[in-house]
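Engineer: next comes the sequence, and after it the predicted model I'd like to discuss.
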Amino acid sequence: MPDDTTNRGTQDRARINVNEDHEVRYWTQALGVSEAKLREAVAAVGVSADAVRQHLGKPHK
């Protein structure tokens, strides 16, 4: 059974996937940072949203 690429399902808010455009849009807006800054943070600390927030000095809302 092929994957339905139009059905993205629920997003895991605990992880940041910089390979998905819709997630990059969400996280850059949610954190108020540029795409480059988001990618740099993920490269530095991994995909954990909490770790990225801490790295960027952004409190969890």
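Structural biologist: Ah, there it is. Residues are numbered from 1 along each chain as shown.
Engineer: for residue 53, phi and psi?
Structural biologist: phi -60, psi -50 (degrees, to the nearest 10).
Engineer: likewise the one 4 residues further on?
Structural biologist: Residue 57 has phi and psi values of phi 70, psi 30 when expressed as degrees, to the nearest 10.
Engineer: count the neighbours of it for me.
Structural biologist: Around residue 57 there are 6 other residues, counting by other C-beta atoms under 10 Å. For glycine as for every other residue, the C-beta is placed from the backbone atoms N, C-alpha and C.
Engineer: and the gap between it and residue 35?
Structural biologist: 18 Å (C-beta to C-beta, to the nearest Å).
Engineer: likewise for residue 43?
Structural biologist: When residue 43 is compared with residue 35 (using C-beta to C-beta), they lie 12 Å apart.
Engineer: cool, and residue 27?
Structural biologist: Taken as C-beta to C-beta, the span from residue 27 to residue 35 is 9 Å.
Engineer: try residue 25
Structural biologist: Look at residue 25 and residue 35: by C-beta to C-beta, they are 9 Å apart.
Engineer: circling back: out of residue 43 and residue 35, which sits in the busier spot?
Structural biologist: Neighbour count, other C-beta under 10 Å: between residue 43 and residue 35, residue 35 has more, with 13 against 9.
Engineer: test for you: state the pLDDT assigned to the more buried one.
Structural biologist: On pLDDT, residue 35 comes in at 98.
Engineer: list the buried residues for stretch 14-22?
Structural biologist: 16, 18 (16 or more other C-beta atoms under 10 Å).
Engineer: CA atoms of it as CSV?
Structural biologist: Provided in CSV are the C-alpha atoms of stretch 14-22 (Å, rounded to 0.1, in the frame of the first residue of the first chain):
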residue,chain,number,x,y,z
ALA,A,14,8.6,17.3,20.5
ARG,A,15,10.9,16.9,17.4
ILE,A,16,11.9,19.2,14.6
ASN,A,17,12.2,17.7,11.1
VAL,A,18,14.1,20.2,9.0
ASN,A,19,13.6,18.0,5.9
GLU,A,20,9.8,18.8,5.8
ASP,A,21,8.9,22.2,4.5
HIS,A,22,5.8,22.5,6.5
